[in-house]
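Colleague: What follows is a predicted protein model with its sequence.
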Amino acid sequence: MVTIRDVAAAAGVSPMSVSNALSGTRPVSEVTRVKVMSAVERLGYQVNTAARSLRQGRTGVVGVVVPTLESQYYAQLCGRLVRRFAEAGLAAVVEDTGATWERQASVFRDSRVAAYDGLVLSPIGLSEAELRTFAGRLPLVVLGEQQLHRTVDRVGMANTEGAAAATRVLLARGCRRLAVVGAPPLDALDGSAEHALAEGAAFVERARGFAAEVRRVSGVTTTSVYTGSTIADGWRAGHELLDAHPDVDGVLCATDTLALGVLRALADRGVRVPEDVRVIGFDDVEESRFSVPSLSSVDPGHEEMAEAAVRLLVRRIADPAAEPRDVVAPARVVERESTAGRRDTPGRQPAG
């Protein structure tokens, strides 16, 4: 069996340099790295990950747990996290809980939790006390809008600010008969609404941003259509909206997935976008660039969220007693064809 000392001798470096080059725990020069990797390839050396895990008390594997992988947002978020963890020298295993409490809790109860050095979790229906208990079992970073009072590391997005900025775009284009799709009734935006919505607090916060912004402008009428989370739900909501309010001229959708469905419904009814109705979504998923018309959206800071989640989990693994941190990524409006006027140039605007 080829050993690390054999690789060191073939590369003309020390065994410690070989270890550092392979594990990434300490930086080595590019020349050293090339020598080591060339020797590894020539000799057919394979890292004994089981032995290394026993020595370090770590597996080099983290979990990423989300409610669904059918959502464009979550699928793309997981891709970003997997890439970021790889850059940090960690392998990421993605788990889909089906948005159920039982499957979330099973992640922490089952024996497989021992295979993870830490976990990034996007929770559905878990209380702060439950999350705090789970965080006591392994390093944990929570994604989402749940207020955790700095008891657990959390990475969130500026939902209220982002939705307000999107609403300002509609108002600036002259829209005065506005609708928000994917939100609860605008007169029911109290604390209890967060628990009534399966999607959690994010949609409520986005509806609050919309409502706060329209209150600043006189002569604006508003309505809301609460629906599910799929593109078909958005399509049905678009038809429902036009049936009840055929004169609507501006639509904010709680997600891009819903917005893409709304665009299809408007096209089915012969309503032109953006000439008759302007539409803007939230999440800035990849597909929004390629719809016809291309969809304006709110970028919630995807890269910043992924970077922060990885940074916080790596820190938590290294120092389990570290003070919990709360990070909120900045939101930016990305204007495309669905809100553009004749003289408008699509571009990027800060939410603040």
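Modeller: That came through fine. Quantities reported herein were computed from a predicted structural model and do not represent experimental measurements.
Colleague: which stretches of the stretch 101-250 of the chain form helices?
Modeller: 101-109, 128-135, 159-172, 191-196, 201-214, 231-244 (DSSP state H, counting those that start in this stretch).
Colleague: taking the mean pLDDT, what do you get for the fifth one?
Modeller: Yep, that's helix 201-214 we're talking about. Predicted confidence along helix 201-214 averages 91 (mean pLDDT).
Colleague: Now do the strands in this protein.
Modeller: 61-66, 91-96, 118-121, 140-143, 153-157, 177-181, 221-225, 250-253, 278-280, 297-299, 326-329, 332-334, 348-350 (DSSP state E).
Colleague: which of the ones you listed is buried the deepest?
Modeller: Burial among the strands of the chain, expressed as mean neighbours by mean count of other C-beta atoms under 10 Å, is greatest for strand 250-253, which shows a mean of 30. No exception for glycine: its C-beta is placed from N, CA and C like everyone else's.
Colleague: Can you list the neighbours in contact with it?
Modeller: 163, 166-167, 170-171, 173, 175-182, 206, 210, 234, 241, 259, 262, 277-282 (C-beta atoms under 8 Å, 6 or more residues apart in numbering).
Colleague: 6 Å - rerun?
Modeller: 166-167, 170, 175, 178-182, 210, 259, 262, 278-281 (C-beta atoms under 6 Å, 6 or more residues apart in numbering).
Colleague: what's the closest of those residues to Glu303?
Modeller: Using C-beta to C-beta, Gly281 comes nearest to Glu303 of the contacts of strand 250-253, at 18.4 Å.
Colleague: Now do that closest one, the pLDDT please.
Modeller: Confidence score, pLDDT, at Gly281: 98.
Colleague: change the start of the numbering to 281 and stick with it
Modeller: Happy to do that; since the first residue is 281 now, the last one works out to Gly561.
Colleague: gap between the residue lying closest to it once chain neighbours are set aside and Gln384?
Modeller: Spatially, and ignoring its direct neighbours in sequence, Gly561 is nearest to Ala539 (3.3 Å; C-beta to C-beta, 6 or more residues apart in numbering). Going from Ala539 to Gln384 by C-beta to C-beta, to the nearest Å gives 28 Å.
Colleague: count of neighbours near the residue nearest to Gly561?
Modeller: By the criterion of other C-beta atoms under 10 Å, Ala539 has 31 neighbours.
Colleague: contacts for stretch 343-356?
Modeller: With C-beta under 6 Å, 6+ apart, stretch 343-356 has contacts from 358, 361, 372-377, 379, 387, 396, 399-402, 404, 537, 563, 565.
Colleague: could you redo the last one with a cut-off of 8 Å?
Modeller: 357-358, 361-362, 365, 372-379, 384, 387, 393, 396, 398-402, 404, 509-510, 535-537, 563, 565-567, 582.
Colleague: Buried ones among those residues?
Modeller: For the contacts of stretch 343-356, a neighbour count by 16 or more other C-beta atoms under 10 Å gives the buried set as 357-358, 361-362, 365, 372, 374-377, 379, 384, 387, 396, 398-402, 404, 509, 535-537, 563, 565, 567, 582.
Colleague: which of the contacts of strand 530-533 sit farthest apart?
Modeller: Taking C-beta to C-beta, the two most distant members of the contacts of strand 530-533 are Cys455 and Gly462; they sit 17.6 Å apart.
Colleague: higher neighbour count, those two?
Modeller: Gly462 (29 against 24).
Colleague: rewinding a little: between the strands of the chain, which gets nearest to Ala409?
Modeller: Taking these one by one with C-beta to C-beta, strand 420-423 is closest: 13.1 Å.
Colleague: Partner strands of that closest one, with direction?
Modeller: If you go by DSSP bridges, strand 420-423 pairs up with strand 398-401 (parallel), strand 433-437 (parallel).
Colleague: Same list, these, but as a markdown table with mean pLDDT please.
Modeller: Listed next are the strands paired with strand 420-423 as a markdown table, based on pLDDT from 0 to 100:
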| stretch | mean pLDDT |
| --- | --- |
| strand 398-401 | 94 |
| strand 433-437 | 93 |
